[in-house]
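S.K.: coordinates for the following, if possible.
(2 chains)
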Amino acid sequence: MDTYVHLVPWIVIIPLVGFLFNGLFGLFSESFQTRKTLIGSIATLAVFIPFLIAAYLFILMQGDSESVSVSLFTWIEVGDFSTDIGYRLDQLSLLMVLVVTGVGALIHFYSIGYMADDEGFWKFFSFLNLFIFTMLNLVLADNMLLLFLGWEGVGLCSYLLIGFWYTDMAKSDAAKKAFLYNRVGDFAFLIALFMIFQVIGSLRFEDILNGTNLFTGEQVFIIGLLILIGATGKSAQIPLFVWLPDAMAGPTPVSALIHAATMVTSGIYVISRLSPLFMLSAELMLFVAVIGAFTAVIAATIALTKYDIKAVLAYSTVSQLGFMFLALGTGAYVAAMFHLVTHAFFKACLFLGSGSVIHAMHHVENKLHNEGKKVHFDPQDMRFMGGLKNYLPHTYKTFMIATIAIAGIPPLAGFFSKDEILVMTFNAGMGAYGEVYIGLWALALVTAFMTAFYMFRLTLGTFHGTFRLPGKIKEAKDAEKYLHESPFTMTSVLWVLAGLSIVGGFIGIPNFVVSTFTGTADVNLISNWLDHVTLNADLIIGKEVEWLLLFGSVVIALLGVFTAFRMYDYNQLEASDAGISEKLGAIYQVWSDKYKLDEIYEGGIVHPTIRFSDRVLAVFDIRFIDGFVNAVASIVRFIGGVMRYFQTGLVQTYAYGIVLGVIVIVAMLLFR
Amino acid sequence: MESVNELVTILPAIIIGFAGLLVMMLDAYIENVRLVFRTTTLFTLGALGIAINDMFGHSGEAFYGLITYGGTAAFGAVLVLIGTLVTVILSRDYLEKTGSHIAEVYSMILFGTFGMLILVSANNLVTLFLGIETMSICLYVLAGLVKNEKKGVEAALKYFLLGAFSTGFLLYGMALLYGASGSTFLTDIATLDDKGMIYWAGVALLLVGFFFKISAVPFHMWTPDVYQGAPTTITAYMATASKSAAFVAFIFVLSRALPEARAEWGDVIWLFSILTMVIGNVLALVQDNVKRMLAYSSIAHAGYILIGLAAGTDAAYSAVLFYLFAYTLMNLGAFGIVAYYEWHKGLDFTEVKNYAGLGFKQPVMGVLMSIFLFSMVGIPPFAGFIGKYRVFAAAVDEGLISLVVVGVLASAASVYYYLRVLINLYMHESDPGITLIRPGVLYSATLIILAALTIYFGVKPGDLTNLLGSFKGISY
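M.R.: A predicted model of the protein is given here:
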């Protein structure tokens, strides 16, 4: 293994080269900007080659291999503090690298088709490469400072890409919103770094994980809480999740890559990485679990009410991330990472599928414009869709597969990972704070039902029934003739991801399923793989209970699917929603208003801050700070003016200056 | 036989001296400016390569102890030759475009560089004086080379008069030291036990001579006039190569000849460091001409470097060498860009307000200027930051807290005048009548390499600082 360590830095360097190449040539050469195939291929290769390297390392690495660190060079050295640009390769980071580069490469390839008509093509791809570079720094860093660099870097890329179409004010506002909410979390994260450094005297993971006994219980709780706050910012959890749905303003591949498959999972990665620290405090773990479970259910309820297909997927992402946090909170780090992997597959597939749909609807709108009809509709709104399965067969099939996967129906990927989370939550109910965990388990079960329900609502509403646009807008009569399937570069990626959504779950088949028949079993590959790097809660409950839970979650999922089919299969989208709304009344309104969170933040934090700044700080700034600065400046200007007077331009004056200096020096040395 | 082998130790100086003669001949017989330019560039490049190689080799004394080689001396040679090489490359386009191309510039530069190379390896007062004067005389000539420029001629004459004036002090100081110790070898002067009045007077006058060369306040007054009046690329040469050479020689004199008197000259340098930093920066604040501003900025930088000399430890000396390296890179770059802007509207196109909006017209040049100026301010991740940081850190270790406080405050004030240039480049409306020519490949490549090095040594200073730290005792 050690002999291949030198390959690790290349994983990070190659995307950087891709970024610089496309970025610099694009910036300085206009003719380069038009060579889209070249740009796209370079960018894709810059991610695919690292994927191959990672895959090669994966083959070489064993489940019990020790972690290896590669230090490129010393980055900062101040007194006793020294930090390297160093990378840590172990089972956990390699798994993340595989997901980031694997899904990343697919999405790059997809984007070549999706962004083909965009003027900022080169910019888009260089930003994507930059994102991959920073994300890889985040997951490979062997110290928390480099991780923080990646952490901020992905935030920056997210900002750049959400606001990619920056001429649209709403989109650049969304980018700002994402950035600011992330900043709140980042600040907490930074304080956690300082506190860790204060206790350990180092920011290397190795030192931190070996030195967990140096922390007092209180320190663990506070540091864990601060890291958790950081994670809620980046991974869109309560209370900071409101930026993620708005982030859908970015191009759809960005939503798939950054806001579903990779960046938003970095909070989960960090907590897994620090699992030995988190496990020290049962209260902290409970806190993580509660945040996760409540985020899951709140986001799921909002998703029920949305018509924008990307918004539904965004809330679904928040909800699924909540599931992962729940798993973290129960000590089921393997389950969280497992769900992270499968979720990356099916959610990327869903987002790219929605991209394909939006692409098609856009095309319709453009064609209608070309006919001279002034038609305006939102190409992301489900109410104008319906019946698309006949026009976009590949998109439909892959979308359906991913939906079945996320709904948790066996044997697709989502089933295994979600079931493991439910089992582990129930399992945590046997330990400390058991009653609370059982409550969270019930909440998670309800969320699982809702997940199946709203995902099928989305799929059925979009692809089943008949095309509703011509019925809604008179001028769009016969518009279905303009509907067409996306090009091969896009659909091929959908199929790869759909395939992974089908088989992805087999890396984590629960051991008890097989051992019931054979006595013992060792089939849970991901658990074996990660066993070495994360602490994991012990499984207390017996096989019988596990079987019961497994059947329970299947039944719940099927119930959700069945209900969705009854309500939405044939063009009843709005009618059924109206029905639900009527029955639930005010509650539905709360869901649909997103719990008024945006308004609460606006009224509770933003406006008071602005008012305070305006009335108090601004006055202080103008009167005191500016006054002081201006006073200093005018003094300096005065002195300068006086000094200038001596700069006469006459050699005599200059010689006098020298003589003056001579006198001073001679006096200092001779008459001491 | 021994001394023939020893010729190798001054190979860069021999190459440069030979090149100077050759170029003068070529200019006289084959009036081919391109050939002259190429010859100069190639010889300088060769000398630079050898000097870099010498840095890693062993060090010692040669020619009966008249000169030292390797280590600090070799690094000084590298600094000087980088300055020379870049000046030569930038001068061709600049002088051509401003209509004052003359081939003898190159031979004068080469002879000046020859003097500097002798200066950085001097181990004896006579060698030192030889080096300083060879260098200075060439600089006087270069300052007034553009003969039809009234300002340039005036600057040259001023420079010459004041230079001669200060040389008097320097030479007198040397004479007194010789009188006190009976030797002109630096290391012999150090062993002097009886430090009488003659000795201290000699030290004082020697310091005056060096303060003039590095333009410390109040010996600085010639600097703005000369820097502004001379052709810009020549200014770059004076501000970098000659400064570096003078500082390296200054380090040698202080550490080899006067180690015993460290407390005394430490106090003097302490005082003049503060004066130089404060007055250099304050006067830079009120300048409206970029060349003049850069002149005062170079005075201010000399003040920061003096902090390191006041500390007077090996760590401080090696920090000063790093600072000189960073200083050379960013000043060459900044002057190179000022020169580039002058291509378009002639020699007076150096007022800050002339730069309005130019940053967007040739984005590469604008970005490069930003890098150089940010590095001068001392903002990470640029080499200027590391230089300042290391000099300040070495001074703190020696307890010179007050100096460092003044240094930090002064560099905070310097942000104003550096950023003022950038504000003009980017935030003001440009004059629509100006179109910028794209600079040639060699010109922009040189500037890009300077910027890349500025960033590289700002991010990864480790190797260089280790190398400089390994120059044991600096005294060798």
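S.K.: so which elements touch the longest helix belonging to chain A?
M.R.: Longest helix of chain A, by residue count under DSSP state H: helix A:333-370. With contacts taken as 3 or more C-beta pairs under 8 Å, 6 or more residues apart in numbering or on different chains; DSSP states H and E, helix A:333-370 sits against helix A:91-114, helix A:252-256, helix A:266-273, helix A:309-329, helix A:393-407, helix A:413-428, helix A:488-503, helix A:525-530. No exception for glycine: its C-beta is placed from N, CA and C like everyone else's.
S.K.: now the angle between helix A:309-329 and that helix, please.
M.R.: Taking axes from the mean of the first three to the mean of the last three C-alpha atoms, to 10 degrees, one finds helix A:333-370 and helix A:309-329 inclined to each other by 170 degrees.
S.K.: return the distance of helix A:333-370 from the chain's centre.
M.R.: 15 Å (C-alpha atoms, centre = their mean, to the nearest Å).
S.K.: what angle separates that helix from helix A:413-428?
M.R.: Angle, helix A:333-370 to helix A:413-428, by the same axes, to 10 degrees: 140 degrees.
S.K.: how close does the nearest residue to A:Tyr433 once chain neighbours are set aside get to chain B?
M.R.: In space, and not counting its chain neighbours, A:Tyr433 is closest to A:Leu286: 5.0 Å by C-beta to C-beta, 6 or more residues apart in numbering or on different chains. According to C-beta to the nearest C-beta, to the nearest Å, A:Leu286 and chain B sit 42 Å apart.
S.K.: could you report the pLDDT at A:Leu286?
M.R.: Listed pLDDT for A:Leu286 reads 93.
S.K.: B:Arg34 - how many residues pack around it?
M.R.: 9 (other C-beta atoms under 10 Å in any protein chain shown).
S.K.: just to revisit the earlier point, tell me the average confidence for the longest helix of chain A?
M.R.: Mean predicted confidence for helix A:333-370 is 91.
S.K.: how about stretch B:376-395?
M.R.: The average pLDDT within stretch B:376-395 is 93.
S.K.: check the gap between the residue of chain B positioned farthest from its centre and A:Met195 for me.
M.R.: Within chain B, B:Pro432 marks the point farthest from the mean C-alpha position, 36.8 Å out by C-alpha atoms, centre = their mean. B:Pro432 sits 56 Å away from A:Met195, going by C-beta to C-beta, to the nearest Å.
S.K.: out of the helices and strands packed on helix A:333-370, nearest to A:Gly585?
M.R.: When those are compared by C-beta to C-beta, helix A:309-329 sits nearest A:Gly585, at 21.0 Å.
S.K.: hang on, the earlier thing: just send the helices and strands packed on helix A:333-370 back as JSON lines, with distance to chain B too.
M.R.: What follows is the helices and strands packed on helix A:333-370, written out as JSON lines (distance: least, C-beta to the nearest C-beta, whole Å):
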{"stretch": "helix A:91-114", "distance to chain B": "24"}
{"stretch": "helix A:252-256", "distance to chain B": "26"}
{"stretch": "helix A:266-273", "distance to chain B": "24"}
{"stretch": "helix A:309-329", "distance to chain B": "34"}
{"stretch": "helix A:393-407", "distance to chain B": "42"}
{"stretch": "helix A:413-428", "distance to chain B": "41"}
{"stretch": "helix A:488-503", "distance to chain B": "33"}
{"stretch": "helix A:525-530", "distance to chain B": "35"}
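S.K.: need the ones you listed in TSV (columns: mean pLDDT).
M.R.: Shown next, in TSV, are those (pLDDT from 0 to 100):
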stretch	mean pLDDT
helix A:91-114	92
helix A:252-256	91
helix A:266-273	93
helix A:309-329	93
helix A:393-407	94
helix A:413-428	90
helix A:488-503	92
helix A:525-530	82
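S.K.: gap between the most centrally placed residue in chain A and B:Thr187?
M.R.: Centroid-nearest residue in chain A: A:Val264, 1.7 Å away (criterion: C-alpha atoms, centre = their mean). Using C-beta to C-beta, A:Val264 is found at 68 Å from B:Thr187.
S.K.: residues in contact with the nearest residue to B:Tyr418 once chain neighbours are set aside?
M.R.: Excluding the flanking residues, the one nearest B:Tyr418 by C-beta to C-beta, 6+ apart is B:Leu373, at 4.5 Å. B:Leu373 makes contact with B:334, B:418-419, B:421-422, according to C-beta atoms under 8 Å, 6 or more residues apart in numbering or on different chains.
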